[in-house]
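[1] Predicted model follows, preceded by the sequence.
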Amino acid sequence: MNLTRFPRARFAHLPTPLEPAPRLGSVLGIDLWIKRDDCTGLAGGGNKTRKLEFLLGEALEAGADTLITQGAVQSNHVRQTAAAAARFGLACEIVLEDRTGNRSPDYVGSGNVLLDRLLGGSMRTVPADTDMNAAMAALAEQLRSEGKKPYIIPGGGSNSTGALGYVDCALELAHQANATGLKIDRLVTATGSAGTHAGLVAGFAVSGADIPVLGIGVRAPRARQEENVFKLAVETAARLGHENRVKREQVVADCDYVGAGYGLIDQGVIDALALAARTEGLLFDPVYTGKALKGLIALSKADAFKGETVVFLHTGGAQGLSGYHFELEAGL
Ligand SMILES: *Cc1c(COP(=O)(O)O)cnc(C)c1O
């Protein structure tokens, strides 16, 4: 499969490593590998970087001078978008949603927020449940009236353009597995705005790699999450000329580990973060990878992956850890 017909800006450090995690794996009783997409290289890296290569490709082709995007206050996507904008000399206008109601000074000023400022992002915050797409459209209209050329990147970079980044990751992982003779039984990833999960499912379906993907939800209930991922996976496969290749049953999400809600951490998440850090020296994050790992631990203990070789996609996020300083310190 060939992605070269899509415009793409190249800045990610690829391929990312695929590493064994034997000490964490032995605690879980599985053969565990980590796909290190926390190492994509853009201002701390993470999964949004692969998506941004295709989104920036489109923005630059359209002659944009300003990127607009949105996210929760401690969004990793916003940080990586601000960095990509800086890298290409574009302005970056950001709408942050006060999704968690967390007003502690570390949450609103540290972690990713501090980095967004450092990277030159221009931020405004709106209340929870604001129509974020409408807010971005209004901002774009205002910028156009000032003579600017804005390009809107949806939350999480999750449209069929961004998801091409995870089609590319699916191909990269299948290639690494072939090159090393590793038989992957399952790929596990956090799933939120759906672009990562959808791109992986589309990439494996279209390339015929046949690696099952399990998404562990961080926000929406299962039915809604699977519907979002399926819809985007079909749209993404359609961009590749294969809209019929993705089957509904290939989209599987387990949303039993969200806890109290998006971005709200609990002791299970803190224990998972400490376990990864203390067995493998890996830094996971409280909102996405820590919750997914909490799920992986519980499912492994329930023998859901008995005898399997499991790859966990490390989607990044450690730059947000200090935004949860007080909660983490209390739970460690
Ligand atoms: C955004 C994000 C995810 C979720 O990816 P989606 O494509 O939004 O589903 C997972 N992990 C981290 C660290 C993220 O920032």
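    Sure thing, it's come through. The model shown is predicted, which means the values in this text are computed figures rather than measured ones.
[2] contacting residues around residue 202?
    Applying Cβ atoms under 8 Å, 6 or more residues apart in numbering, we find residue 202 in contact with 163, 166, 167, 170, 233, 234, 236, 237, 240, 245, 246. No exception for glycine: its C-beta is placed from N, CA and C like everyone else's.
[3] Just the pLDDT for it.
    Confidence at residue 202, expressed as pLDDT, is 98.
[4] SS state for it?
    helix (DSSP: H, G, I helix; E, B strand; the rest coil).
[5] Pretty sure residue 80 sits against residue 43.
    Yes - counting by Cβ atoms under 8 Å, residue 80 touches residue 43, with 6.4 Å between them.
[6] Tell me which of those two has more neighbours.
    residue 80 (31 against 22; other Cβ atoms under 10 Å).
[7] Would you mind listing which of the contacts of residue 202 are buried?
    The neighbour-count criterion (16 or more other Cβ atoms under 10 Å) marks 163, 166, 167, 170, 233, 234, 236, 237, 240, 245, 246 among the contacts of residue 202 as buried.
[8] Next to the ligand, which bits of the stretch 101-250 of the chain? Give me the list.
    Residues of the stretch 101-250 of the chain lying close to the ligand (Cβ under 6 Å from any ligand atom) are 156, 158, 190, 191, 192, 193, 194, 195, 196, 197.
[9] follow-up on the earlier one: columns secondary structure and pLDDT on top of the buried ones among the contacts of residue 202, output as a markdown table?
    Compiled in a markdown table, these are given as follows (DSSP: H, G, I helix; E, B strand; the rest coil; pLDDT from 0 to 100):
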| residue | secondary structure | pLDDT |
| --- | --- | --- |
| 163 | helix | 98 |
| 166 | helix | 99 |
| 167 | helix | 98 |
| 170 | helix | 98 |
| 233 | helix | 98 |
| 234 | helix | 98 |
| 236 | helix | 98 |
| 237 | helix | 98 |
| 240 | coil | 97 |
| 245 | coil | 97 |
| 246 | coil | 98 |
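[10] Residue 22: which of the residues of the stretch 101-250 of the chain next to the ligand is nearest?
    Taking Cβ to Cβ as the measure, residue 22 sits nearest to residue 190 out of those, at 22.1 Å.
[11] Following the strand or helix carrying residue 171 in sequence, what is the next regular element?
    Using DSSP states H and E, residue 171 maps to helix 160-180. For helix 160-180, the following helix or strand on the C-terminal side (DSSP H and E) is strand 186-191.
[12] Neighbouring strands - and their directions - for that following strand?
    Here strand 186-191 is paired, per DSSP bridges, with strand 213-217 (parallel), strand 309-314 (parallel).
[13] Report the buried residues of that strand.
    Neighbour-count burial for strand 186-191 [16+ other Cβ under 10 Å]: 186, 187, 188, 189, 190, 191.
[14] Helices along this protein, start to end?
    For the chain, helices defined by DSSP state H occupy the ranges 22-28, 48-61, 76-87, 105-109, 112-118, 132-145, 160-180, 195-207, 222-239, 267-280, 289-301, 325-331.
[15] which one of those lies closest to residue 256?
    Closest of the helices of the chain to residue 256 is helix 289-301, at 7.1 Å (criterion: Cβ to Cβ).
[16] So what's the gap between that closest one and the chain middle?
    Centroid separation between helix 289-301 and its chain, computed with Cα atoms, centre = their mean, to the nearest Å, is 17 Å.
[17] center of this structure, which residue is that?
    Geometric centre of the chain, nearest residue: residue 47, 4.4 Å, by Cα atoms, centre = their mean.
[18] For the ligand, see how far away the closest residue to it other than its chain neighbours is.
    Spatially, and ignoring its direct neighbours in sequence, residue 47 is nearest to residue 315 (3.9 Å; Cβ to Cβ, 6 or more residues apart in numbering). Distance of residue 315 to the ligand, given as Cβ to the nearest ligand atom, to the nearest Å: 3 Å.
[19] I'd say residue 315 and residue 291 touch.
    No - at 11.2 Å, residue 315 does not count as touching residue 291 under the criterion of Cβ under 8 Å.
[20] Find residues that contact each of the two.
    With Cβ under 8 Å, 6+ apart, residue 315 and residue 291 have common neighbours residue 190.
[21] Compare neighbour counts for those two and give me the winner.
    residue 291 (30 against 27).
[22] For residue 66, give the beta-bridge partners.
    residue 91, residue 150.
[23] What of the one 5 residues further on?
    Assessed by DSSP bridges, residue 71 has beta-bridge partners residue 96.
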